[in-house]
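Asker: Quick one: sequence and predicted model below, then my questions.
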Amino acid sequence: MFMLIFAKAAFSAGLAFGLAENGAYAEMLPYGIPAMVLFAACAPLAAHLADRWRRNAMMAVFFIGIGLASVATSFAQSPLQVGIGLAAIGVFAAIYHPVGISMVIQGGGNVGWRLGVNGVWGNMGVAGAPLLTGLILSFIDWRAAFYVPGAMSVALGLAYVGMIRSGRAEPAPGTARERAHVSFAAGWQRALVALALVTAAGGFVFGAMTFLVPRLFDVRMTGITEDIAITGALAAIVYAAAAFSQLAVGRLIDRHRIKPVLLTVALAQPVFLAVMALEADYALFAAALLAMAFVFGQIPITDAVLARYVPDQWRTKVLSVKFLLNLGVGALAIMSARWVLANDGSFETVMLIVAGAAAVVVAAALLLPARSGAELGAVAPAE
């Protein structure tokens, strides 16, 4: 959520610093680039610190640190100072994915369901960030868009520190299978190769879809409306509704083998993405909703694969590399989409490229072992 505040508040901040109205947004956006770089680059460092220290303590640092950085950004007196504040936000934001997801899957049990619930909350944060920021901008100013959520995060962090000190934030005892999972599961090398391919291809699809859907609706829904506010709302509905697919997928991977579930989710993506390339209006909306449901549904599967093959003491490190790869390829997808649109101008071409990337997920799913060592109750030593 904090990483998305600037995207909405950049224009208002630019005007406050005296930038011209027709160029304020474009001139402010580059100041957010260091934050995005640090958001990805600092993930391995966060994982290392969590392994050397404690995961729940690092999450307290996340809440308090990102909150203080956000409050500090609200005091900026120039675009450069905003950029420095955003960079600090990026550093603390890097803690969540490797450390937070490790805590979600820690202990075994119904990992899929927990990942699904966590994923829904994450997507609601993505959907809620522009809404909350827009409301604050309407009633107060751009500075409040940083200090209000920042103060709330600090308060949450302090409350979490209290829970840690009282012993209420300790991880639950692991299941017998999780306690036995002290080494990499049999077939882990092949599984991690498959996971890397799924992460790369899935990151390309996810990055492209979060960038393309709102604009695609603007261009292809003229038979319904030409009001960009309405098409924007329809895009938000797609993202919010599709997020709940993670709950269904989470249940499935808790009750069934992961490979068939991943194959089903993967096979559906290129189909509906290709339909999006060709359709408009209501058919486009339906195809986008289904495509995003399967794209979002893939998120808990990859983390569940990691949980079944990688022992707890290695998870933060592997998750940090996975996040770095995902974010890097996602950025590449956005740049690729912009290049194609600038040179070809065809959303059809872009969507077919995205569908091709989704087909790579299918190939990667086929590489995954039929059953993990964790599912068979066997483990193998790491090399």
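Answerer: Thanks, I have it.

Asker: so what's residue 155 scoring on pLDDT?
Answerer: In this model, residue 155 is scored at 96, pLDDT.

Asker: List the contacts of it.
Answerer: residue 67 (Cβ atoms under 8 Å, 6 or more residues apart in numbering). For every residue, glycine as well, the C-beta is placed using N, CA and C.

Asker: how much space between it and residue 71?
Answerer: Residue 155 sits 11 Å away from residue 71, going by Cβ to Cβ, to the nearest Å.

Asker: now residue 219
Answerer: 39 Å.

Asker: Of the two, which one has the most company?
Answerer: Higher neighbour count among residue 219 and residue 71: residue 71, with 19 against 11, using other Cβ atoms under 10 Å.

Asker: Look up phi and psi at the more buried one.
Answerer: phi -60, psi -40 (degrees, to the nearest 10).

Asker: Kindly report the same for residue 104.
Answerer: phi -60, psi -40.

Asker: Repeat that for the one 10 residues further on.
Answerer: Geometry field for residue 114 lists phi and psi as phi -60, psi -40, criterion degrees, to the nearest 10.

Asker: where in the stretch 101-250 of the chain is pLDDT low?
Answerer: Along the stretch 101-250 of the chain, the parts satisfying pLDDT under 70 run over 107-109, 127, 130, 169, 171-183, 228.

Asker: all helices for it, in order.
Answerer: Along the stretch 101-250 of the chain, the stretches classed as helices by DSSP state H, counting those that start in this stretch are 101-105, 111-139, 142-166, 176-180, 188-220, 228-243, 245-255.

Asker: Switch the ones you listed over to a markdown table; also include distance to residue 86.
Answerer: Below are the helices of the stretch 101-250 of the chain laid out as a markdown table (distance: least, Cβ to Cβ, whole Å):
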| stretch | distance to residue 86 |
| --- | --- |
| helix 101-105 | 23 |
| helix 111-139 | 14 |
| helix 142-166 | 9 |
| helix 176-180 | 38 |
| helix 188-220 | 19 |
| helix 228-243 | 23 |
| helix 245-255 | 29 |
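
Asker: which residues do residue 155 and residue 71 both contact?
Answerer: In contact with both residue 155 and residue 71: no residue, using Cβ under 8 Å, 6+ apart.

Asker: Touching, residue 240 and residue 122? I think so.
Answerer: No. Counting by Cβ atoms under 8 Å, residue 122 is not a contact partner of residue 240; they are 12.0 Å apart.

Asker: Which one, of the helices of the stretch 101-250 of the chain, ends up nearest to residue 65?
Answerer: helix 142-166 (7.9 Å; Cβ to Cβ).

Asker: quick one: which of residue 240 and residue 122 has more around it?
Answerer: The neighbour comparison of residue 240 against residue 122 (other Cβ under 10 Å) goes to residue 122, with 19 against 16.

Asker: now that one: how far from residue 239?
Answerer: 11 Å.

Asker: repeat for residue 307
Answerer: 26 Å.

Asker: Of the two, give the one with the bigger neighbour count.
Answerer: Between residue 307 and residue 239, counted using other Cβ under 10 Å, residue 307 has the larger neighbour count: 31 against 20.

Asker: Against residue 319, how distant is the more buried one?
Answerer: Relative to residue 319, and taking Cβ to Cβ, residue 307 is found at 10 Å.

Asker: ok, now residue 190?
Answerer: In terms of Cβ to Cβ, residue 190 sits 19 Å off from residue 319.

Asker: neighbour-wise, which of those two wins?
Answerer: Taking neighbours as other Cβ under 10 Å, residue 190 and residue 319 compare with residue 319 leading, 26 against 13.

Asker: which residues touch that one?
Answerer: Taking Cβ under 8 Å, 6+ apart, we find residue 319 in contact with 43, 47, 97, 98, 101, 102, 303, 306.
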